[in-house]
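**Q** here is a sequence with its predicted model. Questions after.
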Amino acid sequence: MARRERVMRMSVELPLWRALAGYRVLTMLYAIGFFATAYSGFARPWLAVAYYAVLFVWTLATLPKVTNAASCTKRFLAADLTVALTGILLTPFADAHERVMDGGPTLPSIWTAGSVLAFAIKGGWRWAAAASTLVAVANLVERGTPARDTVHNVILVWVASIAIGYVVEVARASERTLARALEIEAATRERERLARDIHDSVLQVLAMVQRRGAVIGGEAAELGRLAGEQEVALRTLVSGGLVPVSRVSEDAAEGAVVRMVEEPEGEDPDGPVDLRALLAPYAGSLVNLAEPGAPVLLAPLAARELAAAVGAALDNVREHVGERARAWILVEDEPDEVIVTVRDEGPGIPDGRLAEAEGEGRLGVALSIRGRLRDLGGTAELISVLGQGTEVELKAPKKTVSTTARGKAADHE
């Protein structure tokens, strides 16, 4: 059955880039507005007007550069920091000397912090430390003396930018770890799914060839022996499995990449399926099926997996009790879950036998039954009493099924 791959990109950086873009615009408007209110106090207002015109055009024109890490290149960061430093150094020439000495704001004002934060988000705390140090030097040159308020502002920008850069680095490492964990989980689930399918088909055939070959004898016995060896090798491979190498994005700043498998196209994942139709083929002269009179509706995946688990339980009955063993299937449709019970008339299972079989690589109960129900969020309980047979109780939670869908299914009944 064809499946298609869906790529999800997880990144905590994207909100930071969006916030930075908004911060640059707002602080640019703030700097221009502050200048407009204090225009008469500037010694050379025409110099400030020229700088703010450049700042206005630069901020709006470079907004695409601060949308993600790939667009925010080193060349842009250098040019952006140059604009900020130039504004700081021009302040003594444009503003009145008295206001500069009294601790008045520089021409770019708090817009400068946006330039430093771009360094922090792009390159981490080391880049942030370098950029904030250059801003600190420019502020000291602009004032001419290390005044108290200047030192306070410099330290504030320096500490904040380094902290944000450090947080970004930690977030990137966490994303890569999460991507790896999700891929391992996805690989494990896929391996278990393949193991269930192999157990339900290939392993059953190999076991049958081994038994029939031993009965027929001659060349068939040798063929049965080879089939038995291949069965053991395949069980070992299925129970071990491999986990693929983690795949992350080419640029870690773009976020971690996780590939997930979706259901085939053309299949309605929300359309309900009547479980009775999937269980009907199992009924026969040796298997008695008891089911409700109304449809037992489940999501398609849940219905298929539950029916496959029932098939695996019946395979175990034929293999361990006998080809002519009788079995009973009881379907109960509860409000929140569907319960399917499979019972046989065999001798029962000794205590500890299931754990021993799983250690030998025989995963019929562990994967074909319990694994399927676990993936659905349900449970599989096995009750066995020596001399009184074995009972497997499968519980699968119901998915949301609309009232309309239930009505249509009842009308077709």
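**A** The structure has been received and is ready for your questions.
**Q** tell me where this structure has helices.
**A** Using DSSP state H, the helices found in the chain span residues 13-37, 45-61, 74-94, 97-101, 111-123, 125-143, 148-200, 202-216, 219-240, 275-279, 300-320, 353-359, 372-375, 403-412.
**Q** residues near the residue nearest to Gly377 when sequence neighbours are not counted, how many?
**A** Among residues not flanking Gly377 along the chain, Pro397 sits closest, at 5.2 Å (Cβ to Cβ, 6 or more residues apart in numbering). All C-beta atoms are positioned from the backbone trio N, CA, C, and that covers glycine. Pro397: 16 surrounding residues under other Cβ atoms under 10 Å.
**Q** what's near enough to touch the residue lying closest to Gly213 once chain neighbours are set aside?
**A** Among residues not flanking Gly213 along the chain, Gly224 sits closest, at 2.1 Å (Cβ to Cβ, 6+ apart). Neighbour list for Gly224: Val209, Gln210, Arg211, Arg212, Gly213, Ala214, Ile216 [criterion: Cβ atoms under 8 Å, 6 or more residues apart in numbering].
**Q** nearest residue to Ser109 other than its sequence neighbours?
**A** Excluding its sequence neighbours, the residue lying closest to Ser109 (Cβ to Cβ, 6+ apart) is Ala31, at 4.3 Å.
**Q** touching, that neighbour and Ile110? I think so.
**A** Yes. Counting by Cβ atoms under 8 Å, Ile110 is a contact partner of Ala31 at 7.5 Å.
**Q** compare neighbour counts for the two and give me the winner.
**A** Between Ala31 and Ile110, counting by other Cβ under 10 Å, Ala31 is the more crowded of the two (25 against 17).
**Q** pretty sure Pro132 is touching Ala163, no?
**A** Check again: residue 132 is Ser, not Pro. No. Shown here, Ser132 and Ala163 do not form a contact pair, counting by Cβ under 8 Å, at 11.0 Å.
**Q** neighbour count for those two, which is higher?
**A** Higher neighbour count among Ser132 and Ala163: Ser132, with 27 against 13, using other Cβ under 10 Å.
**Q** residues in contact with Ile162?
**A** Ala120, Trp125, Ala128, Ala129, Ser132.
**Q** okay, now the unreliable bits of the stretch 51-200 of the chain?
**A** 145-152, 191-200 (pLDDT under 70).
**Q** for Ala131, the count of nearby residues, please.
**A** For Ala131, using other Cβ under 10 Å, the count is 29.
**Q** ok, the residue nearest to Ser109 - contacts?
**A** Per Cβ under 8 Å, 6+ apart, neighbours of Ala31: Tyr52, Leu55, Pro105, Leu107, Pro108, Ser109, Ile110, Trp111.
**Q** what distance do you get for it to Trp58?
**A** Plainly put, Ala31 is 12 Å away from Trp58 if you go by Cβ to Cβ, to the nearest Å.
**Q** farthest-apart pair in the contacts of Ile162, please.
**A** The most widely separated members of the contacts of Ile162, counting by Cβ to Cβ, are Trp125 and Ser132 (10.1 Å).
**Q** which other residues reach stretch 284-295?
**A** 272, 274, 276, 279-280, 282-283, 314, 324-333, 406, 409-410, 413.
**Q** in strands only, show me those.
**A** Of these, the ones assigned to strands by DSSP state E are Asp274, Ala327, Trp328, Ile329, Leu330, Val331, Glu332, Asp333.
**Q** adding neighbour count and pLDDT, write those out as JSON lines.
**A** Shown next, in JSON lines, are these (neighbours: other Cβ atoms under 10 Å; pLDDT from 0 to 100):
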{"residue": "Asp274", "neighbour count": "18", "pLDDT": "88"}
{"residue": "Ala327", "neighbour count": "25", "pLDDT": "89"}
{"residue": "Trp328", "neighbour count": "15", "pLDDT": "90"}
{"residue": "Ile329", "neighbour count": "20", "pLDDT": "91"}
{"residue": "Leu330", "neighbour count": "15", "pLDDT": "91"}
{"residue": "Val331", "neighbour count": "19", "pLDDT": "91"}
{"residue": "Glu332", "neighbour count": "15", "pLDDT": "91"}
{"residue": "Asp333", "neighbour count": "18", "pLDDT": "90"}
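**Q** which pair of the residues you listed spans the longest distance?
**A** Once Cβ to Cβ is applied, the ones in strands among the contacts of stretch 284-295 give Asp274 and Ala327 as the farthest pair, at 21.5 Å.
**Q** tell me which residues touch the closest residue to Val141 other than its chain neighbours, please.
**A** With sequence-adjacent residues excluded and distances taken as Cβ to Cβ, 6+ apart, Val141 is closest to Leu89, at 6.5 Å. The contact partners of Leu89, by Cβ under 8 Å, 6+ apart, come to Ala138, Val141, Glu142.
**Q** what's the closest of those residues to Phe35?
**A** Glu142 (16.0 Å).
**Q** give me the number of residues near the closest one?
**A** 20.
**Q** against Leu77, how distant is it?
**A** For Glu142 relative to Leu77 (Cβ to Cβ), the value is 21 Å.
**Q** my read: Gly114 touches Val25, true?
**A** No. Counting by Cβ under 8 Å, Gly114 does not reach Val25; the two are 9.2 Å apart.
**Q** those two: who's more crowded?
**A** With neighbours defined as other Cβ under 10 Å, Gly114 and Val25 compare such that Gly114 has more, 22 against 16.
**Q** now that one, nearest residue through space, not along the chain?
**A** The shortest distance from Gly114 to any residue other than its chain neighbours is 4.4 Å, reached at Arg24 (Cβ to Cβ, 6+ apart).
**Q** and the one you found, what pLDDT?
**A** Note for Arg24: predicted pLDDT of 91.
**Q** cool, the one 10 residues further on as well?
**A** Confidence per residue is given as pLDDT, and for Phe34 that number is 86.
**Q** any idea how far Glu319 is from the residue nearest to Gly213?
**A** The gap separating Gly224 from Glu319 is 15 Å, by Cβ to Cβ.
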